[in-house]
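**Student:** fold the following for me, if possible:
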Amino acid sequence: MSTVLLALLLMQTPAALDLSLTVRHSHAIGSCDGTLFFSQDGVRFETKEKNHSRRWSYPDVKYFEILSTREIEIHTFESQGITRLAQDRDYKFTLAAGEIDDNLYQLLVRRSPRAVVTHVVFRGTEVVAEIPVRHRHVIGGCQGTLTIATDKIIFRAGRKEDSRIWRLEDIRSFASSDKFSLRLSSAFETFAFDLKLPLERQAYDLLWRSVYTPGVHSDKP
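**Tutor:** Next comes the predicted model:
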């Protein structure tokens with residue numbers, strides 16, 4: 001086998017698709033530095049700190065949450081232990097250098113059997129409608145813009161913690177009692193919006209096809 005052919009074969013192996021991030025893992029007290037590896041089979045965190053390295057298969061992760069271009073949180077099924085009963089363990093990592101980009105997001109979407117939550121808009125967004133809205137909270141609410149695209153819905157609010165991005169296939173249900181209201185439900189939460197401009201037919205039809213048409217709606221929780 002020629003050297004060139006061998007090199008091409010190696011480039012096509014799953015290992016060539018692995019991604020790694022130099023990160024800091026925050027603890028309840030203190031933190032540790034290490035490397036977060038994403039492969040086709042799973043995720044692992046390697047650090048010199050004793051007993052702090054971890055390894056997960058994709059089914060072992062409840063869901064991934066990209067908090068920003070510098071932060072990612074892995075929500076697991078691991079118990080917090082006797083000190084925090086009924087709560088699962090989350091691992092938050094902050095990048096020491098570089099940014100989280102579309103390559104990692106697409107890898108997680110392909111490999112994770114569940115929804116990937118992201119607060120970052122990656123490339124390739126084709127907008128269908130942009131509507132100024134109020135998001136109703138249990139008490140009060142917040143103002144923002146709701147963007148309905150061909151593959152996702154983006155809610156931009158004044159505070160990052162109020163903003164959301166959902167892939168259309170991760171929307172479990174939606175309801176619109178009139179042109180000036182919209183309720184969206186994912187596996188994790190429900191958002192009710194008062195629309196300041198009417199929901200146009202094109203955007204409504206896109207939501208309907210994505211959520212309720214057989215063969216289009218994902219069964220991911």
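
**Student:** part of a helix, is residue 204?
**Tutor:** Yes: looking at residue 204 with DSSP: H, G, I helix; E, B strand; the rest coil, it is inside a helix.

**Student:** following the helix or strand of the chain with the lowest mean pLDDT, which helix or strand shows up next?
**Tutor:** The helix or strand of the chain with the poorest confidence is helix 3-11; it has a mean of 45 (mean pLDDT, DSSP states H and E). As assigned by DSSP states H and E, the chain's next helix or strand after helix 3-11 is strand 19-26.

**Student:** any buried residues in that following strand, and which?
**Tutor:** Buried residues in strand 19-26, counting neighbours by 16 or more other CB atoms under 10 Å, are found at 21, 23, 25. Where C-beta positions appear, they are placed from N, C-alpha and C, glycine not excepted.

**Student:** give me the helices and strands touching that strand, please.
**Tutor:** For strand 19-26, the elements it packs on are strand 31-38, strand 42-47, strand 88-95, helix 102-111, judged by 3 or more CB pairs under 8 Å, 6 or more residues apart in numbering; DSSP states H and E.

**Student:** of those, which is nearest residue 119?
**Tutor:** With respect to residue 119, and counting by CB to CB, the nearest of these is helix 102-111 at 11.3 Å.

**Student:** per-domain residue ranges of this structure.
**Tutor:** As assigned by automatic domain parsing, the chain contains the domains 3-118, 127-212.

**Student:** which of these comes out lowest on mean pLDDT?
**Tutor:** Here the lowest mean pLDDT among the domains of the chain goes to domain 3-118, at a mean of 83.

**Student:** format the helices and strands packed on strand 19-26 as CSV; extra columns: distance to residue 182.
**Tutor:** Formatted as CSV, the helices and strands packed on strand 19-26 follow (distance: least, CB to CB, whole Å):
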stretch, distance to residue 182
strand 31-38, 34
strand 42-47, 35
strand 88-95, 30
helix 102-111, 24
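
**Student:** give me the element the closest residue to residue 69 other than its chain neighbours is part of.
**Tutor:** In space, and not counting its chain neighbours, residue 69 is closest to residue 99: 4.1 Å by CB to CB, 6 or more residues apart in numbering. Under DSSP H and E, no helix or strand contains residue 99.

**Student:** okay, now residue 111: neighbour count?
**Tutor:** Residue 111 has 19 neighbours, counted by other CB atoms under 10 Å.

**Student:** one more: the one 5 residues further on?
**Tutor:** Each residue near residue 116 was counted by other CB under 10 Å, and the total is 22.

**Student:** ok, it - contacts?
**Tutor:** Residue 116 makes contact with 63, 64, 65, 66, 105, 108, 109, 167, 170 under the criterion CB atoms under 8 Å, 6 or more residues apart in numbering.

**Student:** correct me, but the fifth one touches residue 122?
**Tutor:** Spelled out, that is residue 105. Yes: the criterion here is CB atoms under 8 Å, and residue 105 meets it with residue 122 at 5.3 Å.

**Student:** in three-state terms, label the spatially most central residue of the chain for me.
**Tutor:** Central residue check for the chain by CA atoms, centre = their mean: the C-alpha nearest the mean position is that of residue 117, 2.0 Å away. When classified by three-state DSSP, residue 117 comes out as strand.
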